[in-house]
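# Predicted model follows, preceded by the sequence.
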Amino acid sequence: MAGFGKWIGGGLGWAFGGPIGALLGFAIGTVFDNIEVSTNTRVNTTRGDFLVSLLVLMAAVMKADGKVMKSELNFVKEYLQRSFGPEDTAQALKILQGLLQKPIPVHEVCLQIRQHTDYPSRLQLMHLLFGIALADGAISQEELHTIEDICHQLHISPADLASIKAMFIEDTEQAYKVLEIEKNASDEDVKKAYRKMALKYHPDKVAYLGEDVKNAANEKFKKVNEAYEKIKKERGFK
């Protein structure tokens, strides 16, 4: 599995240690000898740190309802293939299979992630986790509970959780939830909320993690715009 070092890209920094590093050690064994590990003492999150964190949290969500669906694995496979190509995806999926065999200490993992990642990156992690949970067409209560617990542990605000959740679980007030406002908000408040959310979820905020992460963030940004357009059409303002 020497190719894993290439898949990680810029190498691992903080994710090499702590509970995430321990989980990787179980999943890939002696492959650590082949991984390029960051030697600087900065806590900056590398692309590799983000992707490894995503794999670990993916495993936690996929196992939440007691069964791993083929549709979930296909969603992960398609996401990885779009980002890294078939060879490196095969490597990553083997690691994921290893992680699925191991209990995930969600609290400890989230603490490590929270200490070393900025808020936009954590929001992007949550968006991707909702996508995995919905891959089989429905988000189970167990999956939702796990994601909400991860949100809490990552210090995602309740308003941001409701916003991302509304992008995947539709109801009659979905568009307003995406913009984090009440349905009785004034037109001016709707416009202000849109500007605020567009700034918060702009893909450039996670561009440093790589083009694939930025492209995934575009989907979240698109949901904000769709919600705003829906409200505008409903209310008849420009």
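Received, thanks. Residues are numbered from 1 along each chain as shown.
# Pick out the residue closest to the middle of the chain.
Closest residue to the average C-alpha location of the chain: Leu125 at 1.8 Å, with C-alpha atoms, centre = their mean.
# just checking, that one touches Ile113?
Yes - Leu125 lies in contact with Ile113 (C-beta atoms under 8 Å); the separation is 7.5 Å. The C-beta positions use only the backbone N, C-alpha and C, and glycine is treated the same way.
# Pull up the overlap in contacts between the two.
Residues touching both Leu125 and Ile113 (C-beta atoms under 8 Å, 6 or more residues apart in numbering) are 53, 57, 154.
# How many residues are close by the nearest residue to the first one once chain neighbours are set aside?
Closest residue in space to Ser53, ignoring its immediate chain neighbours: Ile113 at 5.1 Å, by C-beta to C-beta, 6 or more residues apart in numbering. By the criterion of other C-beta atoms under 10 Å, Ile113 has 28 neighbours.
# Other residues contacting the longest helix belonging to the chain?
Counting residues, the longest helix found in the chain (DSSP state H) is helix 211-235. With C-beta under 8 Å, 6+ apart as the test, helix 211-235 has contacts from 47, 50, 79, 82-84, 123-124, 127-128, 164, 166-167, 174-176, 178-179, 187, 190, 194, 197-198, 201-207, 238.
# one more time with 7 Å, if that's ok
50, 82-83, 124, 127-128, 167, 175, 178-179, 187, 190, 194, 197-198, 201-203, 206-207, 238 (C-beta atoms under 7 Å, 6 or more residues apart in numbering).
# same thing with stretch 165-181?
Applying C-beta under 7 Å, 6+ apart, the external contacts of stretch 165-181 come out as 130, 134, 139, 159, 162-163, 182-183, 189-190, 193-194, 197, 220, 223-224, 227-228, 230-231.
# Which of the helices and strands in this protein ranks last by mean pLDDT?
Lowest on mean pLDDT, DSSP states H and E among the helices and strands of the chain sits helix 4-8, with a mean of 52.
# Output the regular element (helix or strand) spanning the residue nearest to the centre of the chain as CSV - backbone C-alpha positions only.
Using DSSP states H and E, Leu125 sits in helix 119-133. Only the C-alpha atoms of helix 119-133 are listed here, as CSV (Å, rounded to 0.1, in the frame of the first residue of the first chain):
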residue,chain,number,x,y,z
TYR,A,119,-14.6,26.3,11.3
PRO,A,120,-15.1,26.3,7.5
SER,A,121,-13.3,23.0,7.2
ARG,A,122,-15.5,21.5,9.9
LEU,A,123,-18.6,22.7,8.2
GLN,A,124,-17.4,21.0,5.0
LEU,A,125,-16.8,17.8,6.8
MET,A,126,-20.4,17.9,8.1
HIS,A,127,-21.8,18.5,4.6
LEU,A,128,-20.0,15.5,3.2
LEU,A,129,-21.2,13.3,6.1
PHE,A,130,-24.8,14.2,5.4
GLY,A,131,-24.3,13.2,1.8
ILE,A,132,-23.0,9.8,2.8
ALA,A,133,-25.9,9.2,5.2
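# buried set for it?
If you call a residue buried by 16 or more other C-beta atoms under 10 Å, then helix 119-133 has these buried ones: 120-133.
# now, among those, which is nearest to Gly25?
Using C-beta to C-beta, Leu125 comes nearest to Gly25 of those, at 21.6 Å.
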